Every structure is written in structure tokens, then in C-alpha cells.
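Engineer: build me a structure from this.
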Amino acid sequence: MLPHSSAPYGGSGTAGVCGTTYYVARTGADAATGRSQDAPFATFQRAWEVLQPGDRLSILDGTYAEQLAPAVSGTA
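Structural biologist: You can find the predicted model right below:
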């Protein structure tokens, strides 16, 4: 299980990096765009399907019980 965090994965929460910020929340939906706190993904798996090098993932409050296996790696 992962503790909650409001800081984007791999970042300090500040803007300035190229790419898209996606959101995951326990109250989200994998059919959502994931591009705002109002339309977050529900699972990390869905985020891994769309994240590309340079993108950021913001994990909203909650307890998540998923095994993490990102499909893409790289640098921005």
C-alpha cells in the first residue's frame, strides 16, 4: 500500500517541466481524462497507460493498494 501524497511523482509540486500533469484519486474513474483534480484516473494502471517521459503524476489523498509496473521509462 502506498501512503497518500499531493506532490507529483518525481517532483516537488512546482510547474515548469514540459509535459502533461495527470491525476490519480481513489474517487476517480479510469474513463476520465486524468488531466485535472476534477477528472482524475482511479488507478495507477490507467495512468501508466498514458504517461510519457516528461509527464507528471499527481497522487491525491487516499490509500492505494496496487502493484506498480510502469510501461514506459525515460527522461524529459
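Engineer: SS state for Y22?
Structural biologist: Classification of Y22 using DSSP: H, G, I helix; E, B strand; the rest coil returns strand.
Engineer: for it, give me its contacts.
Structural biologist: When contacts are counted by Cβ atoms under 8 Å, 6 or more residues apart in numbering, Y22 is found next to G34, R35, P40, F41, A47, V50, L51, D55, R56, L57, S58. Every residue, glycine included, has its C-beta placed from N, CA and C.
Engineer: tell me where the model's unsure across the protein.
Structural biologist: 1-17, 71, 76 (pLDDT under 70).
Engineer: apply 90 and report the result again.
Structural biologist: Scanning the chain for pLDDT under 90 picks out the ranges 1-18, 53, 64-76.
Engineer: so which residues of this protein form helices?
Structural biologist: 44-50 (DSSP state H).
Engineer: quick check: bridge partners of the residue most central in space within it?
Structural biologist: For the chain, the residue nearest the mean C-alpha position is L57 (2.9 Å; Cα atoms, centre = their mean). Note on L57: beta-bridge partners by DSSP bridges are Y22.
Engineer: my guess is it contacts L51, does it?
Structural biologist: Yes: using Cβ atoms under 8 Å, L57 is in contact with L51, at 6.3 Å.
Engineer: still on that earlier bit, what subset of the contacts of Y22 is buried?
Structural biologist: G34, P40, F41, A47, V50, L51, D55, R56, L57, S58 (16 or more other Cβ atoms under 10 Å).
Engineer: relative to T75, how far out is R46?
Structural biologist: According to Cβ to Cβ, to the nearest Å, R46 and T75 sit 23 Å apart.
Engineer: neighbour count winner among those two?
Structural biologist: Between R46 and T75, counted using other Cβ atoms under 10 Å, R46 has the larger neighbour count: 19 against 5.
Engineer: gap between the nearest residue to the more buried one once chain neighbours are set aside and T75?
Structural biologist: Sequence neighbours aside, D30 is the residue nearest to R46 in space, at 4.1 Å (criterion: Cβ to Cβ, 6 or more residues apart in numbering). Computed as Cβ to Cβ, the D30 to T75 distance reads 27 Å.
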